[in-house]
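[1] Based on what follows, work out the 3D shape:
(chains A and B)
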Amino acid sequence: MKYIKTISGSNMKDTILKGGCGECQTSCQSACKTSCTVGNQKCENR
Amino acid sequence: MDGRIHKFNLNNRNIVLDINSGAVHVVDDVVYHILDYYSTRSLEEIIDLLKDRFDGNTIKEAYDEIKILIDNGVLYSEETSTMNKIKYNEDNVVKALCLHVAHDCNLRCKYCFASQGDFKGDRSLMNLEVGKRALEFLVENSANRRNLEVDFFGGEPLMNFELVKELVYYGRELENKSNKHFRFTITTNGLLLDDEKIDFINEHMDNVVMSLDGRKEINDNMRKTVSGQGSYDVILPKFKALIEKRGDKDYYIRGTFTSYNLDFSKDALDFYEKGFKKISIEPVVTEPDEEYALREEHIETILAEYESFSKDYIEIKKKDKDFLFFHFMIDLDQGPCIAKRVTGCGAGAEYMAVTPEGDLYPCHQFVGDENFKIGNVFSGIEKDELREEFKEANVLNKDECRSCWARYYCSGGCHANAYNTNRDIMKPYKIGCEMEKKRIECAISILANLLE
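    Residues are numbered from 1 along each chain as shown, chains lettered A, B, ... in the order given. Sure thing, here's the model as predicted:
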């Protein structure tokens, strides 16, 4: 590609099939205790 | 803009998010401009519209590249039709508890959501019977989840540290019997830290959240001792001692920003200069009529502050990869699955807070409001309908979230923020939304810069 650089091609939709194990950290416990942010949490199932 | 993509320019990068696939692209100016028209105009029309900026051949080449992304399902992708099949916590699993081991505090922070530690009730400490029962409740309600989380919280948990130790040991006993793994964390103001407590915390706590507000004058204006003195000079050396002995285990030094320090990046940078690498600076949670509350008139300044901090962050990060700001962390490839992204923080469902009396609330922020008492560790969940309300409060059901580009990153925001401002957990806190969207843009632009 000359004009586009894809920095993440991940397809979240695929995780519908194998996701949802629930083992990952509850987001509010990690640092904030006030402002939910989920996009920065780690997956425990990969 | 077409509702399937979100594009922005920040830190010298044109960035395009494909909302439904989660793909992220860094694009040249020509692509960035074509995307203003791509879904509504023909190639010939776009060439005509952009002819003053780009030649026709360049536009054609860029247009073809866009088409390849679409064919690969990473641009203008549609929401999957199976999204509504995501069932959240049908088994009513509880896997994380915030244990209020002390409804008492040795600081008198002006912005405390917990009414200076007592949560509007009597000052009290959790006893061993309640604490043990809380851990048993967690094991019993965790179904097949192996990783269980317990945050020792308060008030100030170090005021009941003997209980903290007893519960860690009891948790280890339960682990052996039940094939579970407890992740213990603690959130403390640090005032009572000494060598013994530091060693225990560093050995047993997976994460420690250390509350302090950054610059001394900012901290001391809000975080006062019982006698009304600033707390900074007493606490800072204790936190430094803790991290010096912590090795590579997780910690966060966590500040709160209010309308008094809208230049909060200076607090984050002050922490960094003092040797702290893992930093979180959080917007205050309070009723909107407090003088220190964040109000709509502050939004523009706050968003500019995040942007300005993101520039500093990129420069520091190039030299020091260990520097972390909680809200600028993002992992685009190894991040959470869609089920997690849709359902958010889990409060009132898989995450609950426990008072010293053993009462259960949807999360620590709701403790003290009797309407939100959801049960008790001895008698179990008593208000199933309240649990259902919290389970339903997710991005698939909140009107404002359904059309928001950031829905799979923020996951619907904080219920307490929503309730404090709108008296409705289904109506997101507008200022929180604006901040979160900016933080996500900053995080992705940082990544785009650091990847090169």
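
[2] Doesn't B:Glu436 belong to a helix?
    Yes: the assignment for B:Glu436 (DSSP: H, G, I helix; E, B strand; the rest coil) places it in a helix.

[3] The closest residue to it other than its chain neighbours and B:Val30: what is the separation?
    Leaving out its chain neighbours, the residue that sits closest to B:Glu436 by C-beta to C-beta, 6 or more residues apart in numbering or on different chains is B:Cys410, at 4.5 Å. Where C-beta positions appear, they are placed from N, C-alpha and C, glycine not excepted. Distance of B:Cys410 to B:Val30, computed by C-beta to C-beta, to the nearest Å: 31 Å.

[4] More neighbours: which of these two?
    Legend: neighbour count by other C-beta atoms under 10 Å in any protein chain shown for B:Cys410 and B:Val30, higher for B:Cys410 (27 against 22).

[5] Please tell me the pLDDT value assigned to whichever residue of the stretch 301-450 of chain B sits closest to chain A.
    Scanning the stretch 301-450 of chain B for the residue nearest chain A gives B:Cys337, at 2.6 Å (criterion: C-beta to the nearest C-beta). In this model, B:Cys337 is scored at 85, pLDDT.

[6] repeat for B:Asp333
    If you check B:Asp333, the pLDDT there is 79.

[7] Show the contacting residues for the closest residue in space to it that isn't next to it in sequence.
    Sequence neighbours aside, A:Ser10 is the residue nearest to B:Asp333 in space, at 5.2 Å (criterion: C-beta to C-beta, 6+ apart). By C-beta atoms under 8 Å, 6 or more residues apart in numbering or on different chains, A:Ser10 lies in contact with B:21-23, B:332-333, B:335.

[8] do B:Arg183 as well
    For B:Arg183, the contacting residues are A:25, B:147-150, B:206-207, by C-beta under 8 Å, 6+ apart.

[9] Could you provide these in TSV, with additional columns for distance to B:Val377, pLDDT and secondary structure?
    Formatted as TSV, the contacts of B:Arg183 follow (distance: C-beta to C-beta, whole Å; pLDDT from 0 to 100; DSSP: H, G, I helix; E, B strand; the rest coil):
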residue	distance to B:Val377	pLDDT	secondary structure
A:Gln25	22	82	coil
B:Asn147	20	94	strand
B:Leu148	14	96	strand
B:Glu149	16	94	strand
B:Val150	12	96	strand
B:Asp206	22	94	coil
B:Asn207	23	94	strand
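
[10] Tell me the most packed of the residues you listed, by neighbour count.
    B:Val150 (26 neighbours).

[11] So that residue is in contact with B:Glu136, correct?
    No: using C-beta atoms under 8 Å, B:Val150 is not in contact with B:Glu136; the gap is 11.9 Å.

[12] Using ChimeraX, define a selection of the buried residues within the contacts of A:Ser10.
    Selection command for ChimeraX covering only the buried members of the contacts of A:Ser10, criterion 16 or more other C-beta atoms under 10 Å in any protein chain shown:
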select /B:21,22,23,332,335
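
[13] where exactly do the strands run in chain A?
    For chain A, the strands defined by DSSP state E cover A:4-8.

[14] Can you list the low-confidence ranges for it?
    A:19, A:27, A:29-32, A:34-37, A:46 (pLDDT under 70).

[15] let's see 90
    A:9-46 (pLDDT under 90).

[16] Please give me every residue in contact with the nearest residue to B:Ala339 once chain neighbours are set aside.
    Spatial nearest neighbour of B:Ala339, chain neighbours left out: A:Gly20 (3.4 Å); criterion: C-beta to C-beta, 6+ apart. The contact partners of A:Gly20, by C-beta under 8 Å, 6+ apart, come to B:86, B:337, B:339-340.
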